[in-house]
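Asks: sequence and predicted model, in that order:
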Amino acid sequence: MNSKRLSYSERIKLSNNALAQKLLKLMETKKSNLALSADVTHSEKLLAIADKIGSEICVLKTHIDIIDDFTTHLTEELKKLAKKHDFFIFEDRKFADIGHTVKNQYQGGLYRIADWAHITNAHSLPGSGIIKGLAEVGLQKQNGLLLVAEMSSEENLLDPIYAEKTLEMAEQFPDFVMGFISQHKLNDDPRWIYMTPGVRFAEGKDHLGQQYVTPEKAIIEHGTDIIIVGRGIINAEDPVKIAKKYREAGWEAYSSNI
Ligand code: S5P
């Protein structure tokens, strides 16, 4: 089991990443360390769920490229909802190319991710050029980047050495990299924010190799900061009710551990 940790608010002053500071502050005032993975395929459905669950979450995670009827109206409305309910938008783009290419993918194309997503993520696989390319667009907008250090899916290739090298890469860009997508906290540096997907009340797997741990395990045993829950909420009969339960479970686990 992990030892006790600093509170989110104590970590604000230790961070020199603008977005990490804002997120830690928001988590503490809103008392939420829950991110909703809003993996739905229609604009109206995404907006409806963001509006219904927005008050429970600190982060709304999107996969904008699974939306069947995308127009910029969607991202404009998402921005409004983020203001209304006070959450950050995280586009789970998992960039994975050379710096020059990801820069274009981040700022341009159909989705113009950098204009509306406060947070995005990238694989460290291509090397530090990927971070530099994204930072050339994202830093001036005060956006933040998460590096994928570990994955939740079975047989993934992101071993402990890969995670360690990802951490070393992040250390070169603390003003833009705010933390990691990972299953475990990688070290005790309080600047890094850890977000963990593959979280559900019922541990187990789906039929495509996704593996789940409980909110308590993710936060207390694995030392993460934010639980990312998708189908555990989206597919529930009453998503609002279950989102409140995940929020409570996440916050209680954190509160018992500081
Ligand atoms: O290792 C990972 C990294 C991510 S970002 N495993 C994941 O499952 N994800 C994402 O988290 C995945 O793309 C999906 O959007 C979400 C998990 O959804 P759930 O329905 O399984 O909770």
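Replies: Alright, I've got the coordinates. Numbers count the residues shown, from 1 in each chain.

Asks: show me what contacts Asp97?
Replies: Gln105, Pro126, Ile130 (CB atoms under 8 Å, 6 or more residues apart in numbering). In this view, the C-beta of every residue, glycine as well, is placed from N, C-alpha and C.

Asks: which other helices and strands contact whatever helix or strand the last one lives in?
Replies: Spelled out, it's Ile130. Element membership for Ile130, per DSSP states H and E: helix 129-138. With contacts defined as 3 or more CB pairs under 8 Å, 6 or more residues apart in numbering; DSSP states H and E, helix 129-138 has these neighbours: helix 99-107, strand 119-123, strand 144-148.

Asks: can you list the ones you listed in a markdown table and add mean neighbour count?
Replies: Listed next are those as a markdown table, based on neighbours: other CB atoms under 10 Å:
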| stretch | mean neighbour count |
| --- | --- |
| helix 99-107 | 19 |
| strand 119-123 | 23 |
| strand 144-148 | 24 |
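
Asks: looking at the ones you listed, which is nearest to Ala50?
Replies: strand 119-123 (15.0 Å; CB to CB).

Asks: let me see the ranges of the strands in the stretch 101-250 of the chain.
Replies: Taking DSSP state E, counting those that start in this stretch as the test, the strands found in the stretch 101-250 of the chain are 119-123, 144-148, 177-181, 193-196, 204-205, 211-212, 226-229.

Asks: ok, now which ones touch whichever residue of the stretch 101-250 of the chain sits closest to the ligand?
Replies: In the stretch 101-250 of the chain, the residue that lies nearest the ligand is Gly230 (2.6 Å; CB to the nearest ligand atom). Contacts for Gly230 were tallied using CB under 8 Å, 6+ apart; they are Leu36, Ser37, Ala38, Asp39, Lys61, Pro197.

Asks: now pLDDT too, for the contacts of Asp97, in TSV please.
Replies: Formatted as TSV, the contacts of Asp97 follow (pLDDT from 0 to 100):
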residue	pLDDT
Gln105	98
Pro126	98
Ile130	99
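
Asks: Lys165: which of the residues you listed is nearest?
Replies: Closest to Lys165, out of all of the contacts of Asp97 and judged by CB to CB, is Pro126, at 12.4 Å.

Asks: residues near the closest one, how many?
Replies: 17 (other CB atoms under 10 Å).

Asks: give me the mean pLDDT for stretch 174-191.
Replies: Summarised as a single mean, pLDDT over stretch 174-191 is 98.

Asks: can we start the residue count at 154 from this point?
Replies: OK, 154 is where the count begins now, so the last one is stretch 327-344.

Asks: pull out the buried positions in that stretch.
Replies: For stretch 327-344, a neighbour-count test (16 or more other CB atoms under 10 Å) marks 329-339, 343-344 as buried.

Asks: same deal with stretch 311-325?
Replies: Under the neighbour-count criterion of 16+ other CB under 10 Å, stretch 311-325 has Leu311, Tyr315, Ala316, Thr319, Leu320, Met322, Ala323 buried.

Asks: residues contacting it, please?
Replies: By CB under 8 Å, 6+ apart, the surrounding residues in contact with stretch 311-325 are 277, 280-281, 284, 300-304, 330, 332-333, 335, 339-340, 345.

Asks: just for this structure, where's the confidence low?
Replies: Where the chain drops to pLDDT under 70, the residues are 154-155.

Asks: same thing but at 90, please
Replies: Low-confidence segments of the chain, defined by pLDDT under 90, span residues 154-157, 169.

Asks: got a list of what the closest residue to the ligand within the stretch 154-303 of the chain touches?
Replies: As assessed by CB to the nearest ligand atom, the ligand sits closest to Ser190 within the stretch 154-303 of the chain, at 4.0 Å. Contacts for Ser190 (CB under 8 Å, 6+ apart) come out as Lys214, Asp245, Pro350, Ile381, Val382, Gly383, Ile387.
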